[in-house]
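> Kindly return the folded structure for what I paste below:
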Amino acid sequence: MTHARRILNHAPARFAALAASLALSMLSPGPSGATLPSDLDKPPASVKLANPPPKHWVWVNDFVFPHMSDGMAHLLDGDTGRYLGMLSTGYSARIVLPRDGRVIYSPETYFSRGTRGERTDVVTIYDGATLNVTGEIAIPPKRASNTPNMGSSVLTDDDRFLVIYNFTPAQSLTVVDTTKRSFAGEIEIPGCALVFPTGARSFFSMCADGSLLTTEIDDAGKVVKQSRSAVLFDVDHDPVTEKPARIGDTWYFVTYAGCIYPVRIGKSGPELAERWWLSTKAERAQGWRPGGLQQLAIHRGLNRLYAVVHQGPVGTHKDPGKTLWIYDLATRKRVQVMQLRHLATSVELSKDDHPLLYTAFADSSIIDVYDPVSGQLLRSIPNVGTTPTLLVTP
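Okay, the predicted model is just below:
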């Protein structure tokens, strides 16, 4: 202990001497008296990304929970693990990718004093090749400030309108015309939340009583019709989460306990198809259930549904899992179990014929890339952001 105290007592003097030495070395010219070249002597290099983006690229939304005014989105190459770029997206943003990949939409919130002051909400438009800002669309300062959610902002099926969920706490939707790059209007959805596309001019919101509110708009983005479905979900005993996955005309919702509710969008609106369980009775008794922020993913070509699962009591529907259960959607049978290298709260797949599967954990900065057929871990990409949330693939 005496020796340790002696080292600590002399430490300030040593650090002071070191600091003085460093300061003198920085002020003294080199042997030839030459000065270092300035970075300002030449313009910064500019690199263009492939456009449209390759199918194996993936965007990682970063909530940056320790300092949420500095939200980000990170672009990775799943084939090589290379870090390709980053967007600064303000409070609780989630980027939205149109199908042609030429631009990126990002509904964002800013305050004039960083964390306080006058609020400004915009849809920032980024160039898909350079990641430079190419425009902003001012929208009402009402955008919901929540953990990024797939239903927070969506494009209609033809990419014409961007629809954004508002919470003030009154609930409404902001409609943005992406062709005119202008605010098209606001739609009230009292008692309902979020937005999920069902066509070129239609979408639905989830309502507090377990029903769905369908909204149809015209080519100007104005409401043509709104209709409420029958009650589809049991909100009292085993509610569904607000994190469904879609394939074609069907949205797959899952309950806290792991029951799948397929909702088909027909001519008369949303209709509930036959329900089925991810788990057996024995597994439910053991506490197996889905969890996470983006807990379901579907690949159209494979016709497979992937679910992040874990063991835990009721109320752990946001907890991470280290297991993926995989189902054939035609037979609704589990066909595979994948054990993950790291815990996951999000899962997503690329949308090509030879897909990659990505996982992220909101309390880690590692993104894992798997072969979704064999289950093999292909690579882990470290140091990606602070609080990775939603994964978005072209």
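> any chance you could map the strands in the stretch 201-350 of the chain?
202-207, 212-217, 223-228, 245-247, 250-254, 259-266, 269-272, 276-277, 288-290, 296-299, 304-311, 321-328, 333-344, 346-349 (DSSP state E, counting those that start in this stretch).
> what sits up against the last one?
Taking CB atoms under 8 Å, 6 or more residues apart in numbering as the criterion, the residues outside strand 346-349 that touch it are 58, 292-299, 306-308, 324, 355-362, 372, 388-393. (Glycine included, C-beta is placed from N, CA and C.)
> OK, contacts around residue 71?
Residue 71 touches 61-64, 88-93, 108, counting by CB under 8 Å, 6+ apart.
> rerun that using 6 Å as the cut-off
64, 89-90, 93 (CB atoms under 6 Å, 6 or more residues apart in numbering).
> For residue 79, which three-state class applies?
Of the three states, residue 79 takes coil according to DSSP: H, G, I helix; E, B strand; the rest coil.
> surely it meets residue 54?
No: Residue 79 is beyond contact range of residue 54, at 7.7 Å (criterion: CB atoms under 6 Å).
> can you list the weak-confidence ranges in the stretch 1-150 of the chain?
Within the stretch 1-150 of the chain, the segments meeting pLDDT under 70 span 1-46.
> For it, which segments are assigned as strands?
57-62, 71-77, 83-90, 103-111, 119-127, 133-139.
> Mind listing the residues bridging to the closest residue to residue 390 other than its chain neighbours?
Distances taken as CB to CB, 6 or more residues apart in numbering place residue 61 nearest to residue 390, at 4.5 Å, with adjacent residues excluded. Beta-bridge partners recorded for residue 61 (DSSP bridges): residue 73.
> give me the number of residues near residue 61?
For residue 61, the count of nearby residues is 29 (other CB atoms under 10 Å).
> And for residue 335?
Using other CB under 10 Å, residue 335 has 11 neighbouring residues.
> if I read this right, it contacts residue 324, doesn't it?
No: using CB under 6 Å, residue 335 is not in contact with residue 324, being 11.6 Å away.
> can I get the strands of the stretch 1-150 of the chain in TSV with distance to residue 173?
Formatted as TSV, the strands of the stretch 1-150 of the chain follow (distance: least, CB to CB, whole Å):
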stretch	distance to residue 173
strand 57-62	20
strand 71-77	21
strand 83-90	20
strand 103-111	12
strand 119-127	13
strand 133-139	11
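> I'm done for today, thanks for sticking with me.
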